[in-house]
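> sharing a model that was predicted from the sequence below.
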Protein chains: 2
Amino acid sequence: MPRPQRRARGRERRDRDPGIRTLPWQSVENPFPPLEPLSADQVEAIHEASMDLLENHGIEVMGDAALDSFARAGAMVDRGSGVVRLDRGLVAEAIAKAPSRFTLTPREPAHALELGGNRIHFGLVSGAPNLHDRINGRRAGNLQDYIRLVSLGQCFPCIHFLGSQPAPPIELPANSRHLDIARANLVHTDRIFHAIGIGAGRVADAVEMVARARGMSAEDLENDPSVITNLNINSPRKLDEAMAEGLMESARRNQATIVTPFTLMGAMTPVTLAAALTQQNAEALLGLTLVQLTRPGAPMVYGGFTSNVDMKTGAPAFGTPENAKANLAGGQLARRYGLPYRTSDCNAANTVDAQATWETMMALWGAVMGHGNLIYHGAGWLEGGLVASFEKLVVDAEILQHIISFLKPIDTSPAEIATEAIAAVAPGGHFFGTEHTMARYETAFYAPFLSDWRTQENWREDGAKTATERATGVWQRLLAEYEPPPMDPGRLEAIDAYVAKRKETLGTEEP
Amino acid sequence: MPRPQRRARGRERRDRDPGIRTLPWQSVENPFPPLEPLSADQVEAIHEASMDLLENHGIEVMGDAALDSFARAGAMVDRGSGVVRLDRGLVAEAIAKAPSRFTLTPREPAHALELGGNRIHFGLVSGAPNLHDRINGRRAGNLQDYIRLVSLGQCFPCIHFLGSQPAPPIELPANSRHLDIARANLVHTDRIFHAIGIGAGRVADAVEMVARARGMSAEDLENDPSVITNLNINSPRKLDEAMAEGLMESARRNQATIVTPFTLMGAMTPVTLAAALTQQNAEALLGLTLVQLTRPGAPMVYGGFTSNVDMKTGAPAFGTPENAKANLAGGQLARRYGLPYRTSDCNAANTVDAQATWETMMALWGAVMGHGNLIYHGAGWLEGGLVASFEKLVVDAEILQHIISFLKPIDTSPAEIATEAIAAVAPGGHFFGTEHTMARYETAFYAPFLSDWRTQENWREDGAKTATERATGVWQRLLAEYEPPPMDPGRLEAIDAYVAKRKETLGTEEP
């Protein structure tokens, strides 16, 4: 195999510093059909088994409000154990009321998300109790770092939405921390973000605050939703009371409600993928049924979070072959019910190395080719979710930009096929200076911001930095240059007044 | 999002050291339909444009034997310029004679490759002038390291074949080096390997040597091929004489001949993917036509190696979004002609870091989902091909094992769906000790050999090693424990006698 000559440095253009080359905000569509590891019969087998589970074994639901709602709808509710059993007809009727596509609009309307079909959206890490970067090391979540983390997310238009409390500031009081989080999200980003689904109050507060940021009333938001709330099923087969309350409040407000069973195979489900998908499906559909019982027609999303544990230690694993397949199969189940699909892109590495990257890419391909409409943890997740990493966020943004560019269709118009341009160069020549090249070379290829394609010698002279080490320089520069997206002062005032009033009502509580 | 508890160390099993967990040798089938970025009309547009190129502009072919062959077949041959123009009917008629599937058998018949359809095979790096590992640093190719490199490849059954001279031993005389290479391949591995396609003699020597290793005559090998020869087109539009000679000898011997244009967009082709694919297609089909003109029905493979250069520096780039799409589209073109497909999985990183991994994974997903039957450079390629890296080889083997596991279908039989096993665990419980789990846990999930899923604390106590650093320990152990696959002493004697006689004939020449 002949190898091309690396060109000398003299060829490098001496343009003024272009900064970090982020792709512009864009709606991402996957032009490929979804990859489907299950046949139609297999999807039906999993559906049938999950209906069997719901009808004959049921799921424990905590809290009277949810139990009452199920009972009113005709479900079999055992008040002693809290176990709810659902007839498949009831489930099918409820689920059918949900829209298959809907739009979520943040304070910047240009950054609205259209959920459904082949629209892919990537999210910032959720719920990491710690942060890490190569300069400041590993530390517990705190408000200052929270603001830096979401600001860094804002710098990358390929990150379409924020995860649920990306790295919660745990020094703040637990009962009002969500107000500080929502304020930081609203001030430092203009993207869709999450309400924290622990109880009804936190969901209501997020809705009220976004409404103020948009200059609308909370009632108006019911016709023009802005907020995502993700509720986890406490797998196996348990819906906690606070989650049920959060779910119902999100539905009542007609905001986007996601139900995601937390199904790590081997721990929270059997070790087989078929069983895990069956259990995931039963658990998700129970929660999604409750959404529709609360408010028929409310927008909702089918969530999947099926991966496996390391059977030698019980440690969670992500980006495994099983996780990638589950991400694909979950999309088939969501489409079975005509619902948008939330999946994830995680890894279980301890540092931003080759393992972190191959696990991320395994999970990500499954998520993208499974037509995940919301891909959680797409930027910044490390250590199985125990850490939000600044360097990982930068590496992930580069990977997401690769994927977005990959998904762009190939243009085969005559000017692109360009037979005459091919023929114009003599055999054995080159195309560097041709007219066809000169007219297109600046935009012909995706230009990564983090890749280093210099010669070994030049790379060594410049410190032999790994991509992870280079990522440090990227986030430092982005945060140094970062400016929050402008917000109308009156709206900010209304947000702050709301936060102050709510904090007074809630009182203080130890963090 | 709740997080599972990491389990304490006490849970780790105290079994005897299982060694490096490599997957057994296996035939890999991709159960998914190929991903196709081009519509049927777009494939035809590229086909038509490439036919136009062949008919009206032609390709320069060097050497009288090849020109004579084209002239005899009725091609338009300009003896002055060496430009050959081919009628589309001539091309179609020739290509149609090739088999769409065939088998290549190495000295170990269990490691035969069946090329065609959805069978995926991964190859060791080809043609790197240097080697690198973290212990011995970067050095030029040499025989001792060559043997260690192919021995390491032999340790991983997920590496189905050797690339063409993985890292040539440049201290040996250039005119007989191929004999030492073939001997090392035959003694230290039992996989399919490549003849070096520079001239007819090297191809003939590889065939003669494999025949001896298999205990067959070279004539017998014509009915039971063993050898791959990959010929590059010197893009744009030039087939060098030595390559043409190697191609014709491979065809005469009825061995597998691959024609791969070397089409780096922006340098050797226009910057547009449509033009690059058009040029690749014209160039590949010219070479493949010559294969069939030399021996109708000879087995052959459509090769694609389309990536882009960095337009700021001219440096080659791999694993780019454009490269991944080209890997997919190349498969569509190969299938258009009913031919097996060779593609690649490369990267342009300087070290085994996140960049090396994301580029590898981008190219690899394109290659696998494009139904590449032979995926070159699948293990060990670094620095855009300037280095064969031991650590990269180990990381790549782990990635290939992930992909192989990912491609296994999901079993949805009743024992796998296991509704009763789900129901047997109470809501909020866990599945660690259940009968269903205990019966399956050892084989339920793919068990990686290189991933580290320990807690941050345990990982730090053990030296906080990156995956690349851990890979050093893996290759050291594998090479320490490596034993060459057994070979009949009489066959080895026959190989050595052949090499000695040929070296005498060829004489010595400065390396």
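Received it, and whenever you're ready, just let me know what you need. These numbers come from a predicted model, not from an experiment. Residues are numbered from 1 along each chain as shown, chains lettered A, B, ... in the order given.

> ok, and the closest non-adjacent residue to the residue nearest to the spatial centre of chain A?
For chain A, A:Tyr376 is the residue whose C-alpha lies nearest the centre (Cα atoms, centre = their mean; 2.2 Å). In space, and not counting its chain neighbours, A:Tyr376 is closest to A:Ser344: 4.4 Å by Cβ to Cβ, 6 or more residues apart in numbering or on different chains. For the C-beta atoms, the positions are set from N, CA and C on the backbone; glycine is no exception.

> please apply the same query to A:Ala213.
Going by Cβ to Cβ, 6+ apart, A:Ala213 has A:Arg107 as its nearest residue, at 4.2 Å.

> residues of the stretch 101-250 of chain A that sit close to chain B?
A:Ser126, A:Gly127, A:Arg138, A:Ser164, A:Asn230, A:Asn232, A:Asn234, A:Pro236, A:Arg237, A:Lys238 (Cβ under 8 Å from any Cβ of the partner chain).

> what's the PyMOL line that selects buried ones from those residues?
Here is the PyMOL selection string for the buried members of those, based on 16 or more other Cβ atoms under 10 Å in any protein chain shown:
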select buried, chain A and resi 126+127+164+230+232+234+236+237+238
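
> follow-up on the earlier one: make sure the residue nearest to A:Ala213 is indeed in a helix.
No - per DSSP: H, G, I helix; E, B strand; the rest coil, A:Arg107 lies outside any helix segment and is coil.

> name all residues that make contact with it.
By Cβ atoms under 8 Å, 6 or more residues apart in numbering or on different chains, the contact list for A:Arg107 reads A:Leu186, A:Asp190, A:Val210, A:Ala213, A:Arg214, A:Ser226, A:Met487, A:Arg491.

> now do 6 Å
If you count contacts by Cβ atoms under 6 Å, 6 or more residues apart in numbering or on different chains, A:Arg107 has them with A:Asp190, A:Ala213, A:Arg214.

> of these, closest to B:Ala298?
Distance to B:Ala298 across these (Cβ to Cβ) is lowest for A:Asp190, with 61.8 Å.

> and the pLDDT for the closest one?
We note a pLDDT of 98 for A:Asp190 in this prediction.

> for burial, what's the neighbour tally of it?
Close neighbours of A:Asp190, defined as other Cβ atoms under 10 Å in any protein chain shown, add up to 21.

> I figured it was touching A:Pro484, is that so?
No - look at A:Asp190 against A:Pro484 with Cβ atoms under 6 Å: they stay out of range, at 8.8 Å.

> where is the longest helix in chain A?
Scanning chain A for the longest helix, with DSSP state H as the assignment, gives helix A:273-294.

> tell me which residues of it are tucked away?
Buried, per 16+ other Cβ under 10 Å, within helix A:273-294: A:273-294.

> same check, this time on stretch A:304-315
Across stretch A:304-315, burial judged by 16+ other Cβ under 10 Å covers A:Gly304, A:Phe305, A:Thr306, A:Ser307, A:Asn308, A:Val309, A:Asp310, A:Met311, A:Thr313, A:Gly314, A:Ala315.

> from those, which single one is nearest B:Asp180?
Distance to B:Asp180 across the buried residues of stretch A:304-315 (Cβ to Cβ) is lowest for A:Asp310, with 43.9 Å.

> what residues does A:Gly116 make contact with?
So A:Gly116 contacts A:Ser100, A:Arg101, A:Pro340 (Cβ under 6 Å, 6+ apart).

> what does A:Asn142 give?
With Cβ under 6 Å, 6+ apart, A:Asn142 has these contacts: A:Pro169, A:Glu171.

> please redo it, this time with the cut-off set to 8 Å
A:Pro169, A:Ile170, A:Glu171.

> out of the residues you listed, which are buried?
Buried among the contacts of A:Asn142 (16+ other Cβ under 10 Å): A:Pro169.

> hmm, back to that, could you dump the buried residues of stretch A:304-315 into CSV and include pLDDT, secondary structure and distance to chain B?
Output for these, formatted as CSV (pLDDT from 0 to 100; DSSP: H, G, I helix; E, B strand; the rest coil; distance: Cβ to the nearest Cβ, whole Å):
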residue, pLDDT, secondary structure, distance to chain B
A:Gly304, 98, coil, 13
A:Phe305, 98, coil, 8
A:Thr306, 98, coil, 11
A:Ser307, 97, strand, 10
A:Asn308, 97, strand, 5
A:Val309, 96, strand, 7
A:Asp310, 94, coil, 5
A:Met311, 89, coil, 5
A:Thr313, 91, coil, 5
A:Gly314, 92, coil, 3
A:Ala315, 94, coil, 5
